[in-house]
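Peer 1: structural data only, the sequence is not supplied:
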């Protein structure tokens, strides 16, 4: 595995690897790697790829210095995991990389929903560093996880808007035996990790009720109250939205997801779950499953 921290060296090595005729697959991470990340590192069955992984805790996407400082950093164990996975290149950029990020971005509606409401500048920070990486690496693919689904949509948008040739590949959320979405932040919960079990429980119950019949949007208030009474400090949002654009469900049937963000003792966790049937919303806020 090549370990690179210099931008010029990275570009030179990537150009050399590309001449072999292999495709470049880029997987951006902030480190503290777990099995969810491992699912992103797997090679596609039908292609021989060069896998380039970055580890960079990006200060541009944190609107809270304490959150940035507390983010788990486990670089030595991360290196060992990447070696075991057979990853080809690990890019560990210097913090100075953010000083040369000069892109001005307009993320529109997608950047203003959900986490964009109370994490000012978060997605702009994500987009800027991803664009910097894409400019350096020029990968054929970028592979992302669906747990950070809004981030996935943001990156898809900037790639489309700027006509970047990189194709986006997404991987389903990986969960532990209790259904909790794997996240680098989970270890910050300590003994409070048991409270995170309520997240998949609620998401599964909502999708079950929707698939069994009509579901009133106001029932989401019941689930918010249930979560907070269960010991979760705050429910930032619990919404059902169109999975393609994060618009509210309308009269037109669409594929949707339930999105959630909560805080437990200052640790913010996000998750989402796809509703497998198309939904439409009546004027009185009742969601109906579209006939197959």
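Peer 2: Right, received. Where do you want to start? All values reported here derive from a predicted model rather than from experimental measurement.

Peer 1: can I see the domain layout of the chain?
Peer 2: 2-171, 186-286 (automatic domain parsing).

Peer 1: chain center to the shortest one, what's the gap?
Peer 2: Pointing back at domain 186-286 there. Distance of domain 186-286 from the chain centroid (CA atoms, centre = their mean, to the nearest Å) equals 16 Å.

Peer 1: got it, and the first one?
Peer 2: How far domain 2-171 lies from its chain's middle: 11 Å, per CA atoms, centre = their mean.

Peer 1: what's the mean pLDDT across it?
Peer 2: Averaged across domain 2-171, the pLDDT comes to 90.

Peer 1: what's the answer for the last one, then?
Peer 2: With pLDDT averaged residue by residue, domain 186-286 scores 95.

Peer 1: end to end, how far does that domain reach?
Peer 2: 34 Å (CA to CA, to the nearest Å).

Peer 1: which ones are touching residue 141?
Peer 2: 23-26, 49, 166-169 (CB atoms under 8 Å, 6 or more residues apart in numbering). Just so you know, the C-beta spots here come from the backbone N, C-alpha and C atoms, and that holds for glycine as well.

Peer 1: mind doing that once more with 10 Å?
Peer 2: 23-27, 44, 47, 49, 51, 166-169 (CB atoms under 10 Å, 6 or more residues apart in numbering).

Peer 1: residue 185 too?
Peer 2: 32, 67, 70-72, 196, 264, 267-270.

Peer 1: make it 6 Å
Peer 2: Residue 185 is in contact with residue 267, counting by CB atoms under 6 Å, 6 or more residues apart in numbering.

Peer 1: same question for the one 3 residues further on.
Peer 2: By CB under 6 Å, 6+ apart, the contact set of residue 188 is residue 267.

Peer 1: now do the one 10 residues further on
Peer 2: Taking CB under 6 Å, 6+ apart as the criterion, residue 198 is in contact with 227, 230.

Peer 1: hmm, back to that, now the domains of the chain as CSV including distance to residue 178?
Peer 2: Output for the domains of the chain, formatted as CSV (distance: least, CB to CB, whole Å):
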stretch, distance to residue 178
domain 2-171, 14
domain 186-286, 5
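
Peer 1: out of these, nearest to residue 179?
Peer 2: domain 186-286 (3.4 Å; CB to CB).

Peer 1: related to what we said a few turns ago, nearest to residue 249 among the contacts of residue 141?
Peer 2: Nearest to residue 249 among the contacts of residue 141, with distances taken as CB to CB, is residue 168, at 24.1 Å.

Peer 1: residue 53 belongs to a helix, doesn't it?
Peer 2: No: Residue 53: not assigned to a helix; according to DSSP: H, G, I helix; E, B strand; the rest coil it is strand.

Peer 1: give the bridge partners for it, please.
Peer 2: residue 27, residue 90 (DSSP bridges).

Peer 1: residue 26 is in contact with that one, correct?
Peer 2: No: Residue 53 lies out of contact with residue 26 (CB atoms under 6 Å); the separation is 7.9 Å.

Peer 1: mind listing the helices for this structure?
Peer 2: Taking DSSP state H, the helices of the chain run over residues 7-18, 35-41, 65-70, 75-85, 109-112, 115-118, 122-137, 149-161, 198-212, 219-229.

Peer 1: give the buried residues for the third one.
Peer 2: Residues residue 67 are the ones in helix 65-70 that count as buried (16 or more other CB atoms under 10 Å).

Peer 1: hang on, the earlier thing: now distance to residue 91 too, for the helices of the chain, in CSV please.
Peer 2: Listed next are the helices of the chain as CSV, based on distance: least, CB to CB, whole Å:
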stretch, distance to residue 91
helix 7-18, 6
helix 35-41, 14
helix 65-70, 20
helix 75-85, 11
helix 109-112, 25
helix 115-118, 25
helix 122-137, 8
helix 149-161, 17
helix 198-212, 32
helix 219-229, 38
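
Peer 1: which one of those helices lies closest to residue 143?
Peer 2: It is, among those and with distance given as CB to CB, helix 35-41, at 4.9 Å.

Peer 1: name the residues of that closest one that are buried.
Peer 2: Buried-residue list, helix 35-41, by 16+ other CB under 10 Å: 36-37, 40-41.

Peer 1: same deal with stretch 109-120?
Peer 2: Those would be 110-111, 113-116, 119, for stretch 109-120 by 16+ other CB under 10 Å.

Peer 1: in JSON lines, list those along with distance to residue 154.
Peer 2: Compiled in JSON lines, the buried residues of stretch 109-120 are given as follows (distance: CB to CB, whole Å):
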{"residue": "110", "distance to residue 154": "6"}
{"residue": "111", "distance to residue 154": "6"}
{"residue": "113", "distance to residue 154": "10"}
{"residue": "114", "distance to residue 154": "11"}
{"residue": "115", "distance to residue 154": "10"}
{"residue": "116", "distance to residue 154": "9"}
{"residue": "119", "distance to residue 154": "12"}
